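Engineer: Pasting the sequence and the predicted coordinates here, then a few questions.
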Amino acid sequence: MWEEPCISGRNGSGTVFFSGCPLRCVFCQNREIALGGTGRELATGKLAGLFLVLQEKGASNINLVTPTHFTPQIAEALRSARSEGLTIPIVYNTSGYERVETLRMLDGLVDVYLPDLKYYSGELSARYSNAPEYFRYASLAIAEMVRQVGQPVFDDQPSGEQLMKRGVIVRHMVMPGHTKDSKAVIRYLYDTYRDDIYMSIMNQYTPPDDIDGYPEICRRVTRREYQRVVDYAIALGVENAFVQEGDTACESFIPDFDEEQYLMEVL
C-alpha cells in the first residue's frame, strides 16, 4: 500500500521483490534483499503462477522490484502468465541503473516504469552508490522507458480513484545536505520531458544504524530542505508530481520479508 496512489490504489500493488540489486547504496533501506541473502528460488513457471495468484487476490498491478538482473527470466514468466490470463498492468520498479539493451527485452511487456533518478552528480553517485556514471546510464534508461510506454494513461475506477495504466513515474529521494543535486535532477527531468512523465519527490530518507564513514547523511531530511526542493519544482512549472506530506520520514516503508505471503500457493 506504500507506493504512489495511482500505483497502489485501494487494493494495493502486487509487489514481488527480487533478491540482489545492481547498486550497493550505502544508505539502502532494503539491505536484507538487496545484498542477495533472502528469498526463494523459483522456476519461471512458478513465477508466472505467482503473478496470477496476485491478480486473483485483487492486486492493482504486478510490481517488480529490483528486477534488472533477472530480466530474461521475468520476460519469459510474463509471456507465460499473459497466455494464461494475466491482464493487470506490469510495473517495473528499478533504481534506474539499467542498460538500454536490457530494457528492450521488456518492450511490449511492461506497462508502467517506476525508476529512480537518484543523482545528477557523478561525485555523489560514486560516493554513495559506487557508480560514478549513474546519471549517464539512468538518463538513457529513462529515455528508453518513455519511448516504450509513451505519455501517462490512467484508468478511472468506480471508486473515483485513478490507477496508472501506462506511463513513467520517476522517483527522486531528497538526501540530507544535497538539495542542490535534487534541484538539478528535477530541472533535467522537467526540461527533458515536461508533462510526458510524472515525478515523485520523496522525503522518506532514513539513515541506517550502521552507516559509518558518511557523517553528512547520518540524519533525516529536514522539512525546510524538502520544502525547498518542492518549491523549486513548483517554480519551474512542474505539475505532474507526487509529494509526501506530514511525517512520512518517520514511518517505516520497509516490508517484513519474513512473511512469504501467497508464495506457498505456487510452491
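Structural biologist: Right, received. Where do you want to start?
Engineer: Which residue, neighbours along the chain excluded, lies closest to Arg99?
Structural biologist: Tyr137 (6.9 Å; C-beta to C-beta, 6 or more residues apart in numbering). C-beta coordinates here come from the backbone N, C-alpha and C atoms, glycine included.
Engineer: show me what contacts that neighbour?
Structural biologist: By C-beta atoms under 8 Å, 6 or more residues apart in numbering, Tyr137 lies in contact with 96-99, 131.
Engineer: What is the strand or helix carrying Lys46 packed up against?
Structural biologist: Element membership for Lys46, per DSSP states H and E: helix 44-56. If you count contacts as 3 or more C-beta pairs under 8 Å, 6 or more residues apart in numbering; DSSP states H and E, helix 44-56 packs onto strand 14-17, strand 62-65, helix 71-83.
Engineer: List the buried residues of the helix or strand following the last one.
Structural biologist: So the one you mean is helix 71-83. Next in sequence after helix 71-83, counting helices and strands by DSSP H and E, comes strand 90-94. Buried residues in strand 90-94, counted by 16 or more other C-beta atoms under 10 Å: 90-94.
Engineer: cool, and stretch 161-168?
Structural biologist: For stretch 161-168, by 16+ other C-beta under 10 Å, it's 161, 163-168.
Engineer: Filter the contacts of Tyr137 down to the buried ones.
Structural biologist: 96-98, 131.
Engineer: who's in contact with the closest residue to Ile186 other than its chain neighbours?
Structural biologist: Excluding the flanking residues, the one nearest Ile186 by C-beta to C-beta, 6+ apart is Ala233, at 5.1 Å. Ala233 makes contact with 186, 190, 199, 201, 241 under the criterion C-beta under 8 Å, 6+ apart.
Engineer: re the thing from before, list the buried residues for the helix holding Lys46?
Structural biologist: 44, 47-55.
Engineer: The residue nearest to the spatial centre of the chain and Arg40, how far apart?
Structural biologist: Nearest residue to the geometric centre of the chain (C-alpha atoms, centre = their mean): Asn93, 3.7 Å. Asn93 sits at a distance of 19 Å from Arg40 (criterion: C-beta to C-beta, to the nearest Å).
Engineer: Brilliant, that's me finished.
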